[in-house]
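# Okay, predicted coordinates and the sequence, questions at the end:
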Amino acid sequence: MSGLIKLNNLLARLAYLLGTVIVAIMVMALSLSAITRYISGTGYDWLIELPPILVCWLVFPLLGPLLKEGSHIQVDFLSGYLTPRKMQFLKVFIYFSALLSAFVFFKAGLDATLLYFRLGQMMELELDIPIWWMYLSFPVGFFILLLFALELTISSISELISPMSKVR
């Protein structure tokens, strides 16, 4: 388990670094596009097309770290009605559901990526980028989510069954 925690901590740092770099590239591309249009009256289409291409690489690798931090989308109305013990059961259910979902989406993303890789299709943009490159963010991100959900599932189950658990 400690190996998984160390791996996930490393993956979280890398995902946040990747996200930071992508946001910086997006801001710089849009700013450069505005500056060139202002100065020359014309702009480069690829500067406008680049940010939407990078969004999937911004979002999917961050799913796991955001789940672990509790910063992912959540609705928190049950905690006021459930006992701490029942909340722990709910956490196990949520993390296990995330684990199963991550596996399903990882497999689907991998299949789609391999399909587009074999087809060799390119995006119809000013930039020649293969379509599979965008789809690769799905299996990468959902594999990271799978690892984080596995860690959270194991830790929440161990907290639940631990004899020293304060959750009653």
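Here it is on my side, so go on.

# How about the worst-scoring helix or strand of the chain on mean pLDDT, which residues are buried there?
Sorting the helices and strands of the chain by mean pLDDT, DSSP states H and E puts helix 45-59 at the bottom, at a mean of 89. Within helix 45-59, the residues that count as buried by 16 or more other CB atoms under 10 Å are 47, 48, 49, 50, 51, 53, 54, 56, 57, 58. The way it works is simple: take the backbone N, C-alpha and C, and place the C-beta from them, glycine included.

# what helices or strands is it leaning on?
helix 2-40, helix 131-135, helix 137-161 (3 or more CB pairs under 8 Å, 6 or more residues apart in numbering; DSSP states H and E).

# Out of the buried residues of helix 45-59, the closest to residue 10 would be?
Closest to residue 10 out of these is residue 57 (18.1 Å), distances taken as CB to CB.

# ok so, going back, make TSV from the helices and strands packed on helix 45-59 and add distance to residue 113 to it.
Below are the helices and strands packed on helix 45-59 laid out as TSV (distance: least, CB to CB, whole Å):
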stretch	distance to residue 113
helix 2-40	18
helix 131-135	4
helix 137-161	6
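
# Tell me which of those lies nearest to residue 70.
helix 137-161 (10.2 Å).
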